[in-house]
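> give the three-dimensional model of this entry:
(2 chains)
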Amino acid sequence: MKKEEMREISGNAQKDGAALKALLPAQDILCFHFADGAGRNAVCVFADALTDKDLLAEQVLRPFRAYAGGAQAEEVAAHLLSPEVRVQTSFQKLAEEVLAGNPVLLWDGGDAGIAAGTKKVPLRAVAEPPTDVAIKGPREGFVEDVKTNTALVRRRLKTGELRIEMLTVGRRTATAVALCWLEGTCRADIVERVKKKLAAVDIDGVPDSSYLVRFLADRPRSLIKQVGTTEKPDIFCAKLCEGRAGILTDGSPIALTLPYLLVEDFQSGEDYFVPAYRATFTRLLRLFALLVAIYLPAFYVAAQIFKLQLLPIRLLLTIAGSVRDIPLSPSLEMLLVLLVLEVLNEASIRMPKYVGMALSVVGALVLGETAVSAGFVSTPAIIIIAFSGIGLYAVPNLIEETSVLRLLMLLVAGSLGTYGIVLLSALVTVALTTTENYGVPLTAPFAPWIARDLKDSLIKSHLLSLEMRPAVLKSPNKRRLK
Amino acid sequence: MTLRPRQILFFLAAVAPVGKLVLLPAQLAGIAGNDLWMPALAHLLFQAALIFCVLLLARRERTVLSLIRACAGGGCAASFAVLYALFLLFCAFLPIVEQKVMVRSIFYDTIPAHLVFAPFFLFSAYLACRPLPALGRIWDILTPVSVVCLIGLFLLSAGSCDFGALAPAGAAGKAGFFAGTAAAFSRFSDAAFLLPLVGRFRYERGFAAKGVLCYLAGGGVLLLFLAVFYGVFGEIAPLQSLAFARVGAFFPARGVVGRIDYLFAFGLAFVMAFYAVLPVHGAVGLVCEAFGERKLLAPLLSAGVNAALFAAVYLLNFYTVTVVSLFSGTLFWVFPVFGALVPLLLALLLGRRRDRGGRRAE
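Residues are numbered from 1 along each chain as shown, chains lettered A, B, ... in the order given. The predicted structure is shown next:
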């Protein structure tokens, strides 16, 4: 600890201001010297870009200039007009407040410093998240400011049972993290475990909530997703109501929810605003699309190399005609097309919007068309990869995991054939069914089979049938519909 | 308690019958002709009775080894564990050989490399050292897979099936029935597979009866499959050694949609892969329990056992017919002795529950 951090407040505004400035020598930390109504010297230390100067003047400086009462911190604090005032006695705490955007007031004869909540952070407006667009239902999305996000949650859950506990994570970034849960609905042991895991995080910085995922997962090195994510406050609140705990991270629009079930990613917020039969159909469609995305390229390769009988005879003849002059083996051809798709995908995300149009033309038309006419790849291979690529985006939250799985399936199909696909599927099944997070099996309600929870899984029952909260979460408050 | 009672029922109803669909139908058709269902029915009833005994033993809510330990001491329990584990590995051998034959035949049109089945042993080594809840949850997943695939195969084969081929019943005579029953012993060891699971699930009132009903329901599906199989192929059924991959091949739309029956066959192969690992898992679990160590011993033992099975399967690579006839013929008695007598004796000797006063009840 630095010498200045250990010093105590002397009651001399000049000296104390200098000590605080010594802790924060950066040029954007400013000191404003003035005198109060009794003629005492005072200094206000604040971070230039982070402080709302109008608010500072209106709520802190103007009342303090007119103040001529006692020098005790509590008395001064009572006189200020800011609704968020904290009395701090250590220089370290005062420095943290300044860095968080809260100006600090020091004056002659004072026994402590006062931090006022007049922070002003440049914010993005609340908008619809690009990853979770809804045709029906709320369109609000989380933003990067944790306070705005907690407000969005609080606006939806107007209950005293909603608990929000603010924690700080990251040695240098001191990122604010809001742990949210509904008291009496979320299991206490889950909340305790999350708190313990967050408290144990010892890392330089947490620039995004995805950093926390690795610390919160029971198997941090596993390829399997173990923490739920959402960008929408309505989904976040719905998950809290089911008995989960949620985590909002300052600087990240992606909220985390725990415990996570695999089936969550096949559901969308919109499923709850459309008729149950439609929601069921859409969920099954998503599953089908995902299975097609993973298995179609692999089965195509395996069928071509090892098991021609899988294909109908006319299709087989068409494919045979298309691949006759292709110099690459089916698996190599498929890998090449898959690689091109991944590169195009990566480039189109990173590229400026206006260049993206040109990229689509170059990628889809020029590359695809010329590659086929030049005889590098066959038309069926491009069709299959295109279909697989589209299918993968039917479940956007699982893209990272499923794209790896698709590649593995393809490699196994090319080397071991159809039996390789079956064995790899068996291995993945074992890995998925044995994964648990916070004592909740990832594959519930299918494995273990929980009949009651099937009502809102891949199938969506009518809202009036969903009387109970998911049994797998073991919520203390079991009934949600009376 | 690591398994849920429901998972045992799922296993009995939907996973156990699938393990008997590879070579058994053609073998029974070869021995008992149109009466192929009779030896199967006899085994199903016999196994159902044994399963009832084993599930009754589960009322004690202690594992078999702990019951033996309490009754006859640790040495006796350890010896039993090792011997019974060897028997389970013996039981596992034939299904694995069948799997190998199946893989080489139905998964490849071309002639595959001999080692194409080798990754199965890696999978088996991985699964055999997983804790029991993994197995239970997998049965939860396998049940719908098995049901959908069997229904699919039945639907595809219904059009080409002539149940008249099964008449007249009893044409094979007593000789056919007894020869078929003897040959089928090697495929019916479900009660023996359940023994290591005793004490790993909570016994509920009437669970033994439920277990028997589920097993018989699954057995009913097996009998229906045998009937459909013989109905489709008639007298050439003995030549159709991989029944489940052949039975749905003659549906009318095959020329248009291709061999979609293979998708159901692959689904059943997926289930069979887990069924074949079950005895290996039981063997590893028993030995680990006997020696009170799981964390290190289970992976080592699983790897060792699977390496040994791999060596045995590949050393006998060109003697598959001999292996099948050895297990179904010469060595068939091993199955009733260990697979039937041991569970029965254990149920009789250890199945009685002590009441609170220390007296024996029931």
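
> centre of the chain to stretch B:207-223, how far?
In terms of C-alpha atoms, centre = their mean, to the nearest Å, the centre of stretch B:207-223 is set 14 Å apart from its chain centre.

> in it, what's buried?
Within stretch B:207-223, the residues scored as buried using 16 or more other C-beta atoms under 10 Å in any protein chain shown are B:207-208, B:210-212, B:214-216, B:218-219, B:221-223. From N, CA and C alone the C-beta is placed, and that goes for glycine too.

> which stretches in the stretch 201-350 of chain B count as helices?
When assigned using DSSP state H, counting those that start in this stretch, the helices of the stretch 201-350 of chain B occupy the ranges B:207-233, B:243-246, B:254-257, B:261-290, B:297-315, B:320-325, B:334, B:342-350.

> from the buried residues of stretch B:207-223, list the ones also adjacent to chain A.
Of the entries in those, none also sits close to chain A under the rule C-beta under 8 Å from any C-beta of the partner chain.

> taking the stretch 201-350 of chain A, what residue is nearest to chain B?
Going by C-beta to the nearest C-beta, chain B is nearest to A:Pro312 of the stretch 201-350 of chain A, at 3.7 Å.

> which residues touch that residue?
Shown in contact with A:Pro312 (C-beta atoms under 8 Å, 6 or more residues apart in numbering or on different chains): B:Gly255, B:Val256, B:Val257, B:Gly258.

> which non-adjacent residue is nearest it?
Sequence neighbours aside, B:Gly258 is the residue nearest to A:Pro312 in space, at 3.7 Å (criterion: C-beta to C-beta, 6 or more residues apart in numbering or on different chains).

> state the pLDDT value of that neighbour.
The predicted structure scores B:Gly258 at 79 on the pLDDT scale.

> give me every residue that touches it.
The contact partners of B:Gly258, taken as C-beta under 8 Å, 6+ apart, are A:Gln309, A:Leu310, A:Leu311, A:Pro312, A:Ile313, A:Leu315, A:Leu316.

> and A:Glu8, bridged to which residues?
Counting by DSSP bridges, A:Glu8 forms beta bridges with A:Ser90.

> out of the contacts of A:Pro312, who has the most neighbours?
Taking other C-beta atoms under 10 Å in any protein chain shown to define a neighbour, the member of the contacts of A:Pro312 with the most is B:Gly258, carrying 20 neighbours.

> neighbours around A:Ala276, how many?
19.

> how about B:Glu235?
Residues near B:Glu235, counting by other C-beta under 10 Å, number 11.

> what of A:Phe288?
Using other C-beta under 10 Å, the number of residues around A:Phe288 comes to 12.

> and it, that's in a strand?
No. Counting by DSSP: H, G, I helix; E, B strand; the rest coil, A:Phe288 is located in no strand; its state is helix.

> picking up where we left off before, how far away is the residue nearest to A:Pro312 from B:Ala49?
When C-beta to C-beta, to the nearest Å is the yardstick, B:Gly258 and B:Ala49 sit 44 Å from each other.

> what of B:Ala70?
Summarising the geometry, the distance separating B:Ala70 from B:Ala49, computed by C-beta to C-beta, is 26 Å.

> for A:Met166, grab phi and psi.
Note on A:Met166: its backbone torsions stand at phi -90, psi 130 [degrees, to the nearest 10].

> pretty sure it sits against A:Thr175.
No. Counting by C-beta atoms under 8 Å, A:Met166 sits too far from A:Thr175 to count as a contact (10.9 Å).

> so between those two, which is more surrounded?
A:Thr175 (23 against 13).

> what separation do you get for the more buried one and A:Asp36?
35 Å.

> just B:Phe229 next, same as before
B:Phe229 is 98 Å from A:Asp36, by C-beta to C-beta.

> more crowded one of those two?
Neighbours around B:Phe229 and A:Asp36, counted as other C-beta under 10 Å, are more numerous at B:Phe229. The numbers are 27 against 23.

> contact partners for that one?
With C-beta under 8 Å, 6+ apart as the criterion, the residues that contact B:Phe229 are B:Pro25, B:Ala29, B:Leu36, B:Ala237, B:Gln240, B:Ala243, B:Val247.

> and the gap between it and B:Trp333?
Going from B:Phe229 to B:Trp333 by C-beta to C-beta gives 27 Å.

> all strands for chain A, in order.
In chain A, strands defined by DSSP state E lie at A:29-35, A:41-47, A:85-88, A:104-107, A:113-116, A:162-169, A:175-182, A:228-230, A:245-249, A:255-258, A:436-437, A:440-441, listed in chain order.
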